[in-house]
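A.B. asks: Return atomic coordinates for the entry below.
(one chain, ligands or ions: 1)
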Amino acid sequence: MKAVVIDRFGDSSVLNLTEIPKPNLSSDGVLVKVCYTSVNPIELLQRSGKFKFPVGNSFPRILGSDFSGVVSEVGDKVKGFRPGDKVLGMRSTVEGGAYAEYVSAKPGQLSLIPNNFSFAEAAGLPLVTLTTWQAILGQANFKTGQKVLVNGASGGVGVYAVQLIKALGGHVTATCSYRNEHLVKSLGADVVLDYTKVSIVDLGKKFDVFYDVFGNYSLGKVEHLLTDKGTYCSTIPSVKNFLTHGLSFFSRKKGKVVVVRPNAQQLGRIVTMCEEGQIKPIIDSTFDLSEMPQAHERIRTKRAKGKVVIKVADI
Ligand SMILES: NC(=O)c1ccc[n+]([C@@H]2O[C@H](COP(=O)([O-])OP(=O)(O)OC[C@H]3O[C@@H](n4cnc5c(N)ncnc54)[C@H](OP(=O)(O)O)[C@@H]3O)[C@@H](O)[C@H]2O)c1
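C.D. replies: This next block holds a predicted model:
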């Protein structure tokens, strides 16, 4: 099968399209013929060697978590999926493996695709929507009616964060640059702030959750913007964030870090919200598998509006 493999750390030129054997099917696994995958910023860090934990220097390696496609084979012990099912899924960021024509997955990483989404649209969903689900409902213990500030609302995570939090009954204040104000407003944000003109730390408003998707704030910088029992949640799993947030355990205002994991039950709930029209797909750009270096360069600009997806094969 075709796959994009890295055999060393480096810039986007180390992403090498090559032929390798198909993954083996385990008795509790599902083999998916991949139609689309997507690129997430963590994969740039993994490619360049800036995020080695916990896989280290093991090569060759296939990056990629998100995929959509059709079930090709099913292990003897698997229930709930059949060959021919149209699925989307997420392998953990540690496992990778999705920049390839076939991916082996566990049922706990899969869901049927939303019936109103194309394969391209479906491939952009899993990692970013699960991130917000686990950040907002998990880490921040969000309740309907609460006020959430989403910082970085126009990127891959942000465009779905705004829609998900609105669908869950939140009041959303979203930050982005003037380039994306119209887009973010169209996603349902109640208030949109252009961070190039407005000083977020001087807002003088209170939020139950400060969801720092872009990751350029800290609990210390925005604590005064949190309600009495408010939570600051970052998507940046740095040692500094874990340490400072650990120290907030005994405080009323908490600091949290989200580290996304595959979860089929949560993914199923998100798929239902898509089918109900509460979440619409936002695609920044589409590349072919052979153009993976260009797709990584697009993410590197930090200017993507929604998801960068990769066409792997026609189904
Ligand atoms: N911990 C986890 O499990 C987890 C999971 C997913 C993502 N992440 C991390 O979350 C971060 C965001 O991911 P992503 O996929 O959303 O990235 P992305 O798609 O590359 O984000 C691009 C967006 O960032 C916005 N942006 C650029 N500078 C900004 C600034 N100073 N303030 C606010 N927004 C700004 C841009 O909007 P403008 O052009 O309008 O500035 C653009 O739309 C990454 O660091 C990623 O690694 C972590």
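A.B. asks: Ignoring the adjacent residues along the chain, who's closest to the residue in the stretch 151-300 of the chain positioned nearest to the ligand?
C.D. replies: Taking CB to the nearest ligand atom, the ligand has its nearest neighbour within the stretch 151-300 of the chain at residue 155, 2.3 Å off. Quick note: C-beta positions are derived from backbone N, CA and C, even for glycine. Excluding the flanking residues, the one nearest residue 155 by CB to CB, 6 or more residues apart in numbering is residue 304, at 5.8 Å.
A.B. asks: same deal with residue 201?
C.D. replies: In space, residue 201 is closest to residue 221, 5.9 Å off (CB to CB, 6+ apart).
A.B. asks: so how many other residues sit close to that neighbour?
C.D. replies: Residue 221 has 14 neighbours, counted by other CB atoms under 10 Å.
A.B. asks: Tell me who's in contact with residue 228.
C.D. replies: 252, 253 (CB atoms under 8 Å, 6 or more residues apart in numbering).
A.B. asks: rerun that using 10 Å as the cut-off
C.D. replies: Contact analysis of residue 228 by CB atoms under 10 Å, 6 or more residues apart in numbering lists 206, 208, 252, 253.
A.B. asks: Hmm, the first one is touching residue 227, no?
C.D. replies: Yes. Counting by CB atoms under 10 Å, a contact exists between residue 206 and residue 227, whose distance comes to 4.8 Å.
A.B. asks: what kind of secondary structure is the residue nearest to residue 201 in?
C.D. replies: helix (DSSP: H, G, I helix; E, B strand; the rest coil).
A.B. asks: Pull up the per-residue confidence for the spatially most central residue of the chain.
C.D. replies: Compute the mean C-alpha point of the chain, and by CA atoms, centre = their mean the closest residue is residue 128, 2.0 Å away. As predicted, residue 128 sits at a pLDDT of 99.
A.B. asks: Just confirm it contacts residue 160, I think it does.
C.D. replies: Yes. Contact criterion CB under 10 Å: residue 128 and residue 160 qualify, at 5.2 Å.
A.B. asks: any residues in contact with both of these two?
C.D. replies: What both residue 128 and residue 160 touch, as defined by CB under 10 Å, 6+ apart, is the set 213, 282, 306, 307.
A.B. asks: which of those lies closest to residue 17?
C.D. replies: Within the shared contacts of residue 128 and residue 160, the smallest distance to residue 17 is 20.9 Å, found for residue 307 (CB to CB).
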